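[1] Give the three-dimensional model of this entry:
(one chain, ligands or ions: 2)
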Amino acid sequence: MIPRTFKDRVIAPSLLAADFSRVREETTRAIHSGADWMHLDVMDGHFVDNISFGPAMVQAVHETNDIFLDVHLMISRPDHYLPRFIAAGSDLITVHVEADHDVAETLRRIREGGCQAGLALNPATPIEKALPFLDQIDLLLCMTVVPGFGGQAFMSEMLPKIEAAAKLREERGLSYHIEVDGGIDAKTAAPCAAAGANVFVAGSSTFKAPDMAKAISAIRGV
Ligand code: DX5
Ligand code: ZN
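    Ligands and ions are numbered 1, 2, ... in the order given. Down below sits the predicted model:
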């Protein structure tokens with residue numbers, strides 16, 4: 001299901017930018033518009049300055065369809081809530097290296113629970129913080145905005161970090177996806193792809209576009 005060649009771009013619309021009163025229709029709209037994954041932003045009002053939704057929403061989306069669910073936990077204690085997100089039907093769970101947990105142990109438990117494991121770095125966090133965990137992950141998320149809100153401007157100063165992530169992957173013979181999240185549209189996806197990213201999270205530029213299918217194709221670069 002997941003391409004390991006990294007040639008094809010994976011487009012993951014973020015549900016955060018959807019109409020929450022119509023989650024089923026919005027998810028279906030994303031799928032019909034060509035979405036590969038659905039990105040679900042979980043915020044606890046503590047790790048980030050916003051509260052979004054929890055495992056019940058993940059389960060609701062899971063029960064609606066079978067699109068791959070990319071769950072991004074922006075929460076202080078991912079280790080504590082992990083079992084609930086696994087049970088809710090997540091396919092991939094990403095935790096932040098900056099959160100308050102034993103990162104290696106949480107990543108191990110994600111895989112043990114049958115999910116793929118992702119590790120996220122805030123813009124201020126250097127790639128070095130991810131080094132001890134690279135052989136334990138299926139995806140490395142390089143945030144391209146300070147997490148918490150959709151609709152923020154892309155930080156181009158993150159491009160060297162993406163390049164470093166791709167270089168490390170090659171040097172170590174690893175196969176993690178490199179995901180970018182924040183301010184991604186057709187214009188900002190291009191330099192990210194050139195730097196080595198292959199998974200593109202996009203909220204505002206997809207759900208709020210006049211033509212979502214067109215917006216997704218444009219991010220795909222076609
Ligand atoms: C930011 C979230 C993002 C957000 C992206 O805290 O992690 O996934 O939804 O939204 P846009 O694409 O609007 O920047
Ligand atoms: Zn996200």
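[2] contacts and neighbour counts: CA atoms only from here.
    Fine.
[3] And the closest residue in space to residue 111 that isn't next to it in sequence, which helix or strand is it part of?
    Once flanking residues are discounted, residue 111 sits nearest to residue 117: 6.1 Å by Cα to Cα, 6 or more residues apart in numbering. For residue 117, the element it lies in under DSSP states H and E is strand 116-121.
[4] what does the protein put close to ligand 1?
    With the criterion set to Cα under 6 Å from any ligand atom, the chain comes near ligand 1 through 14, 16, 41, 147-152, 181-184, 202-204.
[5] Tell me the most packed of these, by neighbour count.
    Using other Cα atoms under 10 Å as the neighbour test, the residues of the chain next to ligand 1 are led by residue 202, with 30 neighbours.
[6] Quick check, that one in contact with residue 181.
    Yes - using Cα atoms under 8 Å, residue 202 is in contact with residue 181, at 6.8 Å.
[7] Mind listing what's buried along stretch 29-41?
    The neighbour-count criterion (16 or more other Cα atoms under 10 Å) identifies 30-31, 33-41 as the buried residues of stretch 29-41.
[8] got it, and stretch 131-140?
    Going by neighbour count (16+ other Cα under 10 Å), the buried part of stretch 131-140 is 134, 136-140.
[9] Looking at those residues, point me to the pair that's furthest apart.
    Within the buried residues of stretch 131-140, 136 and 140 form the most distant pair, 10.3 Å apart (Cα to Cα).
[10] need the strands for this protein, in chain order.
    All strands of the chain, identified by DSSP state E, fall at 10-13, 37-43, 68-74, 92-96, 116-121, 139-143, 177-181, 199-202.
[11] Kindly compare burial across these and name the winner.
    strand 199-202 (a mean of 29; mean count of other Cα atoms under 10 Å).
[12] Scan the protein for its longest helix.
    Determined from DSSP state H, the single longest helix within the chain is helix 159-172.
[13] tell me the angle it makes with strand 177-181.
    Interaxial angle of helix 159-172 relative to strand 177-181 (axes from the mean of the first three to the mean of the last three Cα atoms, to 10 degrees): 170 degrees.
[14] who are the neighbours of helix 159-172, in terms of helices and strands?
    For helix 159-172, the contact count by 3 or more Cα pairs under 8 Å, 6 or more residues apart in numbering; DSSP states H and E identifies strand 139-143, strand 177-181, helix 186-195 as packing neighbours.
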